[in-house]
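Asker: Generate a structure from the sequence data that follows.
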Amino acid sequence: MGKDKRSHIDDLRGASKLAIDATKGITSLVEAMHKTIGSGPEVLGKPLEGPTRIATDIVYDGIRAVTNLVGLGVDGALKQLAPLLGGSAPGSEREAVLAALNGVLGDYLQETGNPLAIEMQFRERGTTAGLKLKNNSGKLLILVHGSCMNDEQWTLNNHDHGAALQRDLGYTPAYLHYNSGLHVSTNGAKLANCIESLVSSSETPIDEIAILAHSMGGLVARSACHVAEENALQWRSKLKSVVFLGTPHHGSPLERAGNWVDTLLGISRYSAPLSRLGKIRSAGVTDLRFGNVLDEHWQGRDRFEMTGDNRVPLPLPDGVTCYAIAASVTDGALGELRGDGLVPVKSALGQHEQANLALAFPEGHTWIGKGLWHSDLLGDAEVYRQIHAWLEPALS
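Answerer: Just a heads-up that it's a prediction; the model follows:
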């Protein structure tokens, strides 16, 4: 588990790098439209394509060259200043912005070595320091946040499920901080190893582990369980319970809607260059289309291509008591429950029309919070009472 030592200078350097890359990206986008429109009608064989290409290449190559020079200068200067000016403790607003940025562009940030990319770790509550288990209860609660969020956002309406379960049931909470823009399976493998390191380094033996996961965090947790089983990691045998809060086990229609925009924009050659804008969505976001949790779900495929759900089934982990909580903004009185604004009820409860993809939550292990939005699952009193009721027997 790495240590998060980013300073404001690192943030500025990372932001400048991102802005430079964005400038070059928009330059290429406008260039593509200029060439497409300026080349003339396709039915006539695009007679002006050659002259247009020569003229635009000169102009746009010049813009990219200047942008590159500016970028190298700013990035280099900030890199030299960083160790001299030192770091400062980040605030919650900065953390929230970084989390959102990583959720949308996290795979790109990592691939380009941008300092804004978040490194996965368990953190001490309220700090950026890595967590060390000292004098813990022997009962560990792993909390995994959702897409575009961070570990600090488990607190909502002055309530924190982790702190409350520590107070009421004696769990020792461990809050994960991670780059939600990476593929779910990539984060799953990282999480499996992070838990193994945390448990191995604990000064007090860990006897029981429970996982509480919100939204995408539930997919990451399922992936981590699979990796732990495949690699015979020691923590897997200690895992007793998993509670999923609004997890899109079978995807979110909002991601699928974004995919439709890509497809429709690509129909016309004049609008086709604009489809690039839809493709800033990170690997983590596109995994939410159907609820990808394994490498096989995305490897060798164009993640922006409109395809059906071709996932290899991954059942709930064996020997683990699993629970699912869904939310609906309506009470169902006027028809079917609508979902929480992001995740449909059926997806959150693991229900699927294909029997091999459905997740077999036992009777009494699912619950629907009515009149709640997706984020309300983090701070609602009734949601906590249900989590408490489920996990309390696990301690007996």
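
Asker: alpha carbons only for contacts and neighbour counts from here, please
Answerer: Will do.

Asker: residue ranges with poor pLDDT in the stretch 201-350 of the chain?
Answerer: Flagging of the stretch 201-350 of the chain using pLDDT under 70 yields the residue ranges 255-280, 306, 332-335.

Asker: how about the strands in it?
Answerer: 208-214, 239-245, 321-328 (DSSP state E, counting those that start in this stretch).

Asker: likewise the stretch 51-200 of the chain?
Answerer: 121-123, 139-144, 155-156, 159-160, 172-177.

Asker: and Gly371, which of these is closest to it?
Answerer: The closest of the strands of the stretch 51-200 of the chain to Gly371 is strand 155-156. By Cα to Cα, the value is 16.7 Å.

Asker: Per-residue pLDDT of the residue nearest to Tyr171 when sequence neighbours are not counted, please?
Answerer: Nearest residue to Tyr171, sequence neighbours excluded (Cα to Cα, 6 or more residues apart in numbering): Lys139, at 5.1 Å. Lys139 is assigned 94 on the pLDDT scale.

Asker: Lys139 - how many residues pack around it?
Answerer: Per other Cα atoms under 10 Å, the neighbour tally for Lys139 reads 22.

Asker: tell me which residues form a beta bridge with it?
Answerer: Glu208 (DSSP bridges).

Asker: Tell me which residues of stretch 289-296 come out buried.
Answerer: Residues of stretch 289-296 classed as buried by neighbour count (16 or more other Cα atoms under 10 Å): 289-294.

Asker: Need the max-distance pair from those.
Answerer: Arg289 and Leu294 (13.5 Å).

Asker: contacting residues for Lys378?
Answerer: Not Lys; residue 378 is Leu. When the contact criterion is Cα atoms under 8 Å, 6 or more residues apart in numbering, the partners of Leu378 are 154-156, 159-161, 214.

Asker: pLDDT wise, what is Asp10 at?
Answerer: Value listed for Asp10 in the pLDDT field: 65.

Asker: Can you lay out the buried residues of stretch 289-296 as a markdown table showing distance to Asn187?
Answerer: Listed next are the buried residues of stretch 289-296 as a markdown table, based on distance: Cα to Cα, whole Å:
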| residue | distance to Asn187 |
| --- | --- |
| Arg289 | 17 |
| Phe290 | 17 |
| Gly291 | 14 |
| Asn292 | 12 |
| Val293 | 10 |
| Leu294 | 10 |
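
Asker: ok, of the residues you listed, which one's closest to Val220?
Answerer: Val293 (6.9 Å).

Asker: wait, that closest one sits on Leu219?
Answerer: Yes: under the criterion of Cα atoms under 8 Å, Val293 makes contact with Leu219 at 5.9 Å.

Asker: quick revisit: might one say that the residue nearest to Tyr171 is in contact with Thr204?
Answerer: No: with contact defined as Cα under 8 Å, Lys139 does not count as touching Thr204 (10.0 Å).

Asker: now the helices: where do they sit in the stretch 201-350 of the chain?
Answerer: 216-230, 253-265, 275-278, 283-286, 345-348 (DSSP state H, counting those that start in this stretch).

Asker: Going by neighbour count, which residues of the longest one are buried?
Answerer: The one in question is helix 216-230. For helix 216-230, by 16+ other Cα under 10 Å, it's 216-229.

Asker: what inclination does it have with respect to strand 139-144?
Answerer: Computed with axes from the mean of the first three to the mean of the last three Cα atoms, to 10 degrees, the direction of helix 216-230 lies at 120 degrees from that of strand 139-144.

Asker: Quick check: Leu314 vs Val320, distance?
Answerer: According to Cα to Cα, to the nearest Å, Leu314 and Val320 sit 14 Å apart.
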